[in-house]
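In: Fold the following, please.
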Amino acid sequence: MLQCWRWFGPEDSVSLTDVRQAGAVGVVSALHNVPVGEVWAVDAIRAHKTLIESGGNEAHELRFRVVESVPVHESIKTGGPERDRYIEVFATTLRNIAACGISTVCYNFMPILDWSRTDLGYRYRDGSRALRFEWIACVTFDVHILGRPRAAEDYDEETVRTAADLFQSMSDHNRAELTSTILAGLPGADRSYDLAGFKARVQEYRDVDADTLRDNLVYFQKAITPVADEAGIRLAIHPDDPPFSILGIPRVVCTKSDLQALFEENESRANGLTLCVGSFGSRPDNDVVDIVRSFADRVHFIHLRNVRNEDDRTFHESDHLDGDVDMFAVVKGIVEEEERRRTEGRPDAVIPMRPDHGHQMLDDLKKKTRPGYSAIGRLRGLAELRGLELGVRRSLNFQS
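Out: Next up is the predicted model:
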């Protein structure tokens with residue numbers, strides 16, 4: 001695997017020097033300052049690429065390998081009247097990315113929010129801080145804080161009662177903190193919603209069910225895949241996180257059957273997957289190892305992290321090698337796929353990977369860091385995953 005690191009730009013508390021010292025050779029980044037729905041200009045992409053790559057040295061240079069992410073405008077997801085205009089903006093951005101020599105683009109189709117959590121500082125058993133999603137806290141926000149119309153009808157009676165009890169027990173500070181956490185928005189964009197703005201966004205989806213959202217995703221993929229094919233771009237859709245509907249809003253990239261349906265609709269190899277182990281693993285009925293084996297040929301980018309599921313919709317992020325997902329089997333499946341591609345002479349035989357998220361730990365506990373993106377936790381994760389890959393390759397007698 002090509003060892004990469006997500007970098008949020010010059011304002012990131014983790015510098016490019018830190019990234020090099022972590023042992024990464026590839027950088028995953030984006031133009032987070034460009035508003036959603038506007039074209040990424042060639043000059044801006046090149047400037048960002050130069051910034052990443054000019055700081056290296058002869059022994060260990062960094063390369064801008066993966067764009068994560070190009071945001072998909074909400075009009076595309078809802079099937080609004082301007083969706084074709086925004087699809088063309090997305091297509092133009094893809095062409096511009098290709099013109100700058102970058103061939104892998106991650107994106108997602110999650111309505112309104114990117115990945116969502118209810119606790120950004122969950123105390124892990126070793127004293128580090130992790131990310132957690134608690135279903136009852138999410139329901140409490142939906143019914144009692146957001147006040148989505150008829151929200152309680154979406155849940156069973158026991159869940160509604162438990163959420164009411166939790167709401168009554170919360171202080172004003174607790175309620176404000178939960179609101180801030182859920183409305184944090186896109187983790188790479190330094191922006192979030194206020195409660196009124198978010199409620200208005202949610203209302204835009206009142207007539208969008210899962211079938212409609214899936215149809216809109218297929219429409220989008222069929223429009224942009226020919227552009228990607230022509231430009232030499234490998235598109236990698238990120239699964240939904242968490243992988244089930246929340247706040248009354250559908251999510252449709254959650255399971256093996258969801259992926260199968262998408263890939264049957266569009267068989268182009270450019271229409272691929274970001275294999276986010278933690279996202280798929282946050283749903284106990286997902287067999288992540290089976291997903292790896294079933295869609296290995298479609299994997300263009302990999303996020304490796306692990307989770308502990310507390311029940312079917314509550315989970316926290318564990319250490320990279322210590323969770324409910326069999327990381328050895330996952331990495332073994334990836335290594336075997338890379339070897340298969342190598343024997344076929346494919347140019348994508350080495351798949352870019354990054355350690356996804358990481359606990360806030362050691363000296364980083366004293367610093368303000370991006371949730372999930374502190375330096376030391378990801379450094380530990382990358383080191384563990386690097387060692388695991390080496391062990392897998394040696395056990396299979398593959399080149400290391």
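In: name the helices or strands packed onto the helix or strand in which T50 is found?
Out: Per DSSP states H and E, T50 falls inside helix 42-53. Using 3 or more CB pairs under 8 Å, 6 or more residues apart in numbering; DSSP states H and E, the elements in contact with helix 42-53 are strand 26-29, strand 63-68, helix 83-99. Where you see a C-beta, it was placed from the backbone N, CA and C, and this is true even at glycine.
In: got the buried residues for that helix?
Out: Applying a neighbour-count criterion of 16 or more other CB atoms under 10 Å, the buried positions in helix 42-53 are 42, 45, 48-49, 51-52.
In: With stretch 324-336 instead?
Out: Judged by neighbour count using 16+ other CB under 10 Å, the buried positions of stretch 324-336 are 325-327, 330-336.
In: Quick one: distance of the host helix or strand of V105 to the chain centre.
Out: Remark: V105 resides in strand 104-108, with elements defined by DSSP H and E. Here strand 104-108 is found 9 Å from its chain centre; the criterion is CA atoms, centre = their mean, to the nearest Å.
In: Low-confidence regions, the stretch 251-400 of the chain specifically.
Out: 400 (pLDDT under 70).
In: how about the helices in it?
Out: 256-265, 277-281, 288-295, 327-344, 375-395 (DSSP state H, counting those that start in this stretch).
In: Tell me which of those sits nearest to T179.
Out: Of all the helices of the stretch 251-400 of the chain, helix 277-281 sits nearest to T179, with 23.4 Å by CB to CB.
In: Tell me the buried residues in that closest one?
Out: Within helix 277-281, the residues that count as buried by 16+ other CB under 10 Å are 277-281.
In: swap in stretch 120-134?
Out: 120, 122, 124, 128-134.
In: Kindly indicate which of those lies nearest L195.
Out: Among the buried residues of stretch 120-134, L120 lies closest to L195 (CB to CB), at 17.9 Å.
In: mind listing what the helix or strand containing that closest one pairs with, with the direction of each?
Out: According to DSSP H and E, L120 maps onto strand 119-123. Partners of strand 119-123 in the sheet, by DSSP bridges, are strand 129-133 (antiparallel).
In: Tell me the helix or strand right after the strand it pairs with.
Out: Tracing the chain past strand 129-133, the next element assigned as helix or strand by DSSP H and E is helix 135-140.
In: for the helix or strand just after that following helix, packing partners?
Out: Counting by DSSP H and E, the next helix or strand C-terminal to helix 135-140 is helix 157-169. Helix 157-169 is packed against helix 135-140, with contacts defined by 3+ CB pairs under 8 Å, 6+ apart.
In: in the helix it packs on, what's buried?
Out: Those would be 135-140, for helix 135-140 by 16+ other CB under 10 Å.
In: Off-centre distance for that helix?
Out: So, by CA atoms, centre = their mean, the centroid of helix 135-140 is 22 Å from its chain's centroid.
In: Likewise for stretch 83-100?
Out: Distance of stretch 83-100 from the chain centroid (CA atoms, centre = their mean) equals 20 Å.
In: tell me how far the ends of stretch 280-291 are from each other?
Out: Distance between the two ends of stretch 280-291: 9 Å, counting by CA to CA, to the nearest Å.
In: what residues does it touch?
Out: Outside of stretch 280-291, the residues within contact range by CB atoms under 8 Å, 6 or more residues apart in numbering are 133, 239, 241-244, 254-256, 259, 275, 277, 306-307, 309, 312, 315, 323-326, 329-330, 333.
In: what about the residue positioned nearest the centre of the chain, distance to L382?
Out: Nearest residue to the geometric centre of the chain (CA atoms, centre = their mean): H238, 5.4 Å. Computed with CB to CB, to the nearest Å, the distance linking H238 and L382 is 19 Å.
In: Kindly report the same for S103.
Out: Going from S103 to L382 by CB to CB gives 22 Å.
In: With neighbour numbers in mind, choose between these two.
Out: More neighbours surround L382 than the other of S103 and L382, with 22 against 18 (other CB atoms under 10 Å).
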